[in-house]
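Asker: Pasting the sequence and the predicted coordinates here, then a few questions.
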Amino acid sequence: MRLGFLIRELAALDQNAMVHFRACGQISGVPDGGNPGEFRSYRGYYDRLALGSGPRAKTVGELLGAARDAVGAPFDGYKGGEFTMDENTALYAANWGESYGDQIVGVEKRGRAVLLLVAHAEEW
């Protein structure tokens, strides 16, 4: 999934709904059912974004705001350098320093919650 697609999907949803990760198959980075945290440069490819785990659930509106703020913003690469993200930037689910290849592949409304679907790149 690309950053711009995530923004469009989140913008169409209830801004007060809570967001969680949902595993589609076996993943290694973020926990199934876990809370999304902050965007940062992905360890595997510094010019891509990673969304790691956070201590509390975010609302759709909070995550949408962070995603919009990421467009045009510079992020520091894991081993240095500065990388500016745009709407075509690929999204991964990974905590700082991890690069397991788990990608955010979809957004799904389920009941009162919104799920970020995460799959390992080779399985998807």
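Answerer: That came in fine, so what should we check first?

Asker: can you give me the mean pLDDT across stretch 29-46?
Answerer: The average pLDDT within stretch 29-46 is 90.

Asker: try stretch 54-70
Answerer: So the average pLDDT for stretch 54-70 ends up being 96.

Asker: Contact partners for the residue nearest the centre of the chain?
Answerer: What sits nearest the mean C-alpha location of the chain, by Cα atoms, centre = their mean, is residue 51, with 3.7 Å. By Cβ atoms under 8 Å, 6 or more residues apart in numbering, the contact set of residue 51 is 30, 36, 37, 38, 39, 91, 92, 93, 94, 104, 116. The way it works is simple: take the backbone N, C-alpha and C, and place the C-beta from them, glycine included.

Asker: Tell me which helix or strand it sits in.
Answerer: Per DSSP states H and E: residue 51 is located in strand 49-54.

Asker: Give me every residue in contact with the next helix or strand after that strand, excluding its own residues.
Answerer: Using DSSP H and E, the next helix or strand after strand 49-54 towards the C-terminus is strand 58-59. Residues outside strand 58-59 that contact it (Cβ under 8 Å, 6+ apart): 15, 16, 17, 18, 19, 35, 36, 66.

Asker: try 10 Å this time
Answerer: 10, 13-20, 35-38, 51, 64-66, 114 (Cβ atoms under 10 Å, 6 or more residues apart in numbering).

Asker: One more: stretch 92-101?
Answerer: In contact with stretch 92-101 (Cβ under 10 Å, 6+ apart) are residues 1, 21, 23, 27-31, 34, 36-38, 40-45, 48-54, 78, 102-105, 116-124.

Asker: And stretch 2-9, by the same measure?
Answerer: Stretch 2-9 has contacts (Cβ under 10 Å, 6+ apart) with 1, 39, 48-49, 51, 60, 63-64, 67-68, 70-71, 85-91, 104, 106-109, 114, 116.
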